[in-house]
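Trainee: One predicted model, sequence on top.
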Amino acid sequence: MATASAVDLVLFDLDDTLCDYAGARALRLETAFAVALESLPVGNERPLIEDLIAASIAIHPHASDHFPEILRPHGVSAEAASAAIAWYRANRYHGLKLFAETVETLAALRAAAPARPIGLVTNGPAETQRAKIALLELDGLIDFAVVSGEFGVEKPDESIFVEALRLGGAEAGSTIFVGDSAVHDIAGAKGVGLFAVWVNRTCAPWTHGDPEPDATISTLREVVELVDRRAP
């Protein structure tokens, strides 16, 4: 159980915590499907792109192999569907950006305690996640990142959090972890005794059962306040 001690390490998830992955994914899907629908003759009834996006995410939230399956019933040819897949894959980071308050929050945490490490714990292939970190210029704002594709296991496995504690030189009871996923972030962090903070930008009720987060925030700016309140 996390105790109310001083905070010696602050850890963050990456996707949909520091950067708007879901928003970028929706934009990529919208553009890819628009490319495919351009092949339809003028006057043909066209599906709502919002419906295509929802169907794609439901089948697989990160893949594109299923585009022909979604587009075929609307008269889109295999060639046009392949063009949509090619665009989606070639523009993997299209629209990806940090949330508006991310840099401000990380800078404030650094200014408050320059010697306190700030780290990332993120799931995904090493090449992809490292490219995101570089693209978003996070290297100068954090001290280290533990990427599941490099480490060998994904959140919520406890060992990836333990590795972050090792790199940060801190104990679980003096560490805060901030993430958006109930399963990967909150359950994983609670499993090793971290103070788990759920990022809930939509202010939705917690419906995921136990373990519950230690705190819930709607903006990253609140992390600075949480850290300040836990100071002895």
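Mentor: In hand now; what should we look at?

Trainee: Distance from the worst-scoring helix or strand of the chain on mean pLDDT to the middle of the chain?
Mentor: When the helices and strands of the chain are scored by mean pLDDT, DSSP states H and E, helix 221-229 comes last with a mean of 94. In terms of Cα atoms, centre = their mean, to the nearest Å, the centre of helix 221-229 is found 20 Å from the chain centre.

Trainee: List the buried residues for that helix?
Mentor: 222-224, 226-227 (16 or more other Cβ atoms under 10 Å). Every C-beta, even on glycine, is put in place using the N, C-alpha and C of the backbone.

Trainee: Tell me the one of those nearest residue 115?
Mentor: Among the buried residues of helix 221-229, residue 227 lies closest to residue 115 (Cβ to Cβ), at 13.8 Å.

Trainee: Check the gap between the closest one and residue 220 for me.
Mentor: Applying Cβ to Cβ, to the nearest Å, the value for residue 227 to residue 220 is 12 Å.

Trainee: ok so residue 216 is a strand residue?
Mentor: Yes: according to DSSP: H, G, I helix; E, B strand; the rest coil, residue 216 belongs to a strand.

Trainee: How about the contacts made by the residue nearest to it when sequence neighbours are not counted?
Mentor: Among residues not flanking residue 216 along the chain, residue 198 sits closest, at 4.8 Å (Cβ to Cβ, 6 or more residues apart in numbering). By Cβ atoms under 8 Å, 6 or more residues apart in numbering, the residues touching residue 198 are 179-180, 182, 185-186, 206, 213, 215-217.

Trainee: So what are the structural domains in this protein, by residue number?
Mentor: Here the chain is described, according to automatic domain parsing, as comprising the domains 9-20+97-229, 22-90.

Trainee: Can you tell me which of those domains is most buried?
Mentor: domain 9-20+97-229 (a mean of 18; mean count of other Cβ atoms under 10 Å).

Trainee: host element of the residue at the greatest distance from the centre of the chain?
Mentor: Distance to the chain centre peaks in the chain at residue 43, reaching 39.5 Å (criterion: Cα atoms, centre = their mean). Per DSSP states H and E, residue 43 falls between elements, in no helix or strand.

Trainee: Torsion angles phi and psi at the closest residue to residue 215 other than its chain neighbours?
Mentor: Distances taken as Cβ to Cβ, 6+ apart put residue 197 closest to residue 215, at 4.8 Å, once the chain neighbours are dropped. Backbone geometry at residue 197, expressed as degrees, to the nearest 10, gives phi -110, psi 120.
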